[in-house]
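**Q** Sequence first, then the predicted structure, then my questions.
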Amino acid sequence: MYRKTYVDINVDNIENNIKEIINKYDYKYYIGVVKGNAAGHGMKLCKYITKFGINYLAVSSLEEALESRKYTDVPILILEPIHIDELKIAEKNNISVTISSYNYYKRINKEDYSNLKIHLKINTGMNRLGVSNKEEITEIYNDLIDDERVKLEGIYTHFATTGVNDKYYDDQLNKFVELTSDIDLNRVEMVHLGRSCTLEFHPKISFANGIRIGLIMYGIGQTFNRYIGLKGKLRKIKYHFKRKIQNISKTYESNNINLKTGIELNTEVIELQQLKPGDKVGYGLTYTANANTKIAVCPIGYADGLSLSFKNSKVSINNKLYKIVGTINMGMITIEVDSDVNIGDKVTIFGGNVNIKNVARATNNTAYTVMTHIDSQIPRRYFVHGKEDSDEE
């Protein structure tokens with residue numbers, strides 16, 4: 001590593017999150033969603049999480065699946081359809097594939113496979129992928145349930161909303177039950193409907209034995225309503241009245257899970273500038289010093305994954321928060337600092353005492369986009385019990 005811009009992964013924190021989840025909830029399959037370079041943590045994370053209780057992985061593409069396979073032998077599901085001529089590669093590498101439409105399924109020549117594993121995606125209202133015709137679902141099930149060449153390993157759907165303030169979650173769940181009412185789900189090895197927010201907000205779906213976990217595994221939980229003071233009590237009354245009128249099913253108001261984020265994006269101070277009142281900084285001269293001001297320059301920018309809106313965020317230097325000023329450049333940012341900051345000081349863009357949720361709000365992003373936008377070429381360092389695990393894979 002030459003440029004001191006890097007990502008540190010606290011593996012112990014990720015282990016904590018997984019064990020907290022497994023200790024609280026009751027599923028047979030904990031499916032770690034490692035899309036988007038494991039949400040910016042790097043695919044080497046698969047090596048660790050599959051030791052902590054994650055017994056299945058989920059990715060977006062065959063490329064991600066093959067990259068994950070370098071680090072673990074656990075089964076992997078590709079959540080999006082891949083080209084028919086790539087199914088042989090998936091079968092060879094113990095990678096399960098998604099059947100997302102009836103036409104896609106009919107194109108599969110079962111004679112070509114000996115143990116291709118598939119998961120049937122049911123469209124219950126997300127309206128991106130999945131079979132939404134009951135007769136087609138039943139036909140696929142009947143055709144595959146006893147077939148040894150193409151195994152129906154799983155059935156799943158995806159919820160479009162949290163279901164906390166809306167009825168759509170309930171509608172989708174009821175739709176799934178109706179669409180699968182002519183098949184025996186007990187004969188399907190894996191039934192997985194939920195994601196992280198489903199896990200936190202809703203009681204367990206009785207017939208589901210798998211759960212897909214993404215954000216919660218990375219230490220980012222849902223935001224629960226906190227009804228404080230008189231206004232809070234009034235909001236709570238209004239909230240429960242709305243739920244009663246709309247007949248929204250039970251949701252939880254807390255989860256009592258101790259989550260810890262495990263990712264830090266760091267860089268360093270490479271230059272300091274002393275500005276006089278009236279001096280300006282950067283392209284477009286968008287920042288003007290109102291007094292004698294110290295500016296720190298750091299080697300990270302939008303080419304590394306910082307959106308232009310990061311100018312609204314703060315960073316941490318020596319455990320103190322400082323604001324980014326001027327524009328976000330391709331490879332540099334400028335920060336308004338004080339006399340405590342020196343060249344060579346570590347700068348944390350997010351993670352540590354820079355809350356990722358706060359960064360997401362300040363930059364008009366989500367926690368997912370903040371993390372997944374980190375360029376994959378930035379080095380990842382993995383720390384286990386405080387020591388870097390630098391084993392080459």
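**A** Here it is on my side, so go on.
**Q** Which segments of the protein make up each domain?
**A** The chain breaks down into these domains under automatic domain parsing: 11-222, 263-388.
**Q** start to end distance for the shortest one?
**A** Pointing back at domain 263-388 there. 14 Å (C-alpha to C-alpha, to the nearest Å).
**Q** again, but for the longest one
**A** For domain 11-222, the first and last residues are 21 Å from each other (C-alpha to C-alpha).
**Q** do the same with stretch 172-192
**A** 13 Å.
**Q** buried sites along that stretch?
**A** 172-173, 175-176, 179-180, 183, 188, 190-192 (16 or more other C-beta atoms under 10 Å). (Glycine included, C-beta is placed from N, CA and C.)
**Q** model confidence over that stretch, on average?
**A** What stretch 172-192 shows for mean pLDDT is 96.
**Q** what comes into contact with that stretch?
**A** Applying C-beta atoms under 8 Å, 6 or more residues apart in numbering, the contact partners of stretch 172-192 are 28-29, 31, 56, 119, 122, 124-126, 132, 134, 137-138, 141-142, 145, 152-157, 159-160, 193, 205, 207-212.
**Q** now the residues you listed: which count as buried?
**A** Buried among the contacts of stretch 172-192 by 16+ other C-beta under 10 Å: 29, 31, 56, 119, 122, 124-126, 132, 134, 137, 141, 152-157, 159-160, 193, 205, 208-212.
**Q** circling back: which of the buried residues of stretch 172-192 lies closest to residue 85?
**A** residue 190 (25.7 Å; C-beta to C-beta).
**Q** What's opposite the residue nearest to the closest one when sequence neighbours are not counted in the beta bridge?
**A** The shortest distance from residue 190 to any non-neighbouring residue, by C-beta to C-beta, 6 or more residues apart in numbering, is to residue 154 (3.6 Å). On the basis of DSSP bridges, residue 154 is bridged to residue 119, residue 190.
**Q** Is it correct that residue 154 is in contact with residue 119?
**A** Yes - look at residue 154 against residue 119 with C-beta atoms under 8 Å: they come within range, at 3.7 Å.
**Q** Mutual contacts of these two, please.
**A** Joint contacts of residue 154 and residue 119 (C-beta under 8 Å, 6+ apart) are 77, 96, 190.
**Q** Nearest to residue 103 among those residues?
**A** Taking C-beta to C-beta as the measure, residue 103 sits nearest to residue 96 out of these, at 19.7 Å.
**Q** give the contact list for residue 95.
**A** Residues near residue 95 by C-beta under 8 Å, 6+ apart: 62, 65-66, 69, 75-78, 89, 117.
**Q** Also residue 303?
**A** Residues in contact with residue 303 (C-beta under 8 Å, 6+ apart) are 330-331, 375.
**Q** again, only this time at 6 Å
**A** 330-331 (C-beta atoms under 6 Å, 6 or more residues apart in numbering).
**Q** try residue 372
**A** So residue 372 contacts 36, 39-40 (C-beta under 6 Å, 6+ apart).
**Q** Same question for residue 53.
**A** Applying C-beta under 6 Å, 6+ apart, the residues near residue 53 are 18, 22, 30.
**Q** Show me what the host helix or strand of the first one is packed against.
**A** Looking back up the chat, that one is residue 18. Per DSSP states H and E, residue 18 falls inside helix 11-24. Using 3 or more C-beta pairs under 6 Å, 6 or more residues apart in numbering; DSSP states H and E as the contact test, no helix or strand touches helix 11-24.
**Q** before we move on, the earlier item: going through the contacts of residue 95, which ones are buried?
**A** Buried among the contacts of residue 95 (16+ other C-beta under 10 Å): 62, 65-66, 69, 75-78, 117.
**Q** from these, which ones fall inside strands?
**A** Those of these mapping onto strands are 76-78, 117, per DSSP state E.
**Q** out of the shared contacts of residue 154 and residue 119, who's nearest residue 279?
**A** Once C-beta to C-beta is applied, the member of these that ends up nearest residue 279 is residue 77, at 55.2 Å.
**Q** Please give the centre-to-centre distance between the next helix or strand after the helix holding residue 18 and its chain.
**A** Downstream of helix 11-24, the first helix or strand assigned by DSSP H and E is strand 29-33. In terms of C-alpha atoms, centre = their mean, to the nearest Å, the centre of strand 29-33 is found 12 Å from the chain centre.
**Q** Just the C-alphas of strand 29-33, formatted as PDB.
**A** What follows is strand 29-33, C-alpha atoms only, in PDB (Å, rounded to 0.1, in the frame of the first residue of the first chain):
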ATOM      1  CA  TYR A  29     -30.300 -20.900   7.200                       C
ATOM      2  CA  TYR A  30     -28.600 -17.600   7.900                       C
ATOM      3  CA  ILE A  31     -27.900 -16.300   4.400                       C
ATOM      4  CA  GLY A  32     -25.200 -13.600   4.400                       C
ATOM      5  CA  VAL A  33     -25.800 -11.100   1.600                       C
END
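**Q** helices and strands around the helix or strand following that strand, which ones?
**A** Counting by DSSP H and E, the next helix or strand C-terminal to strand 29-33 is helix 35-39. When contacts are defined as 3+ C-beta pairs under 6 Å, 6+ apart, helix 35-39 sits against helix 367-372.
**Q** Quick one: mean pLDDT for the helix it packs on?
**A** 93.
**Q** Mind giving me the packing neighbours of whichever helix or strand comes after it?
**A** Going down the chain from helix 367-372, the next helix or strand is strand 380-384, by DSSP H and E. For strand 380-384, the elements it packs on are strand 6-10, judged by 3+ C-beta pairs under 6 Å, 6+ apart.
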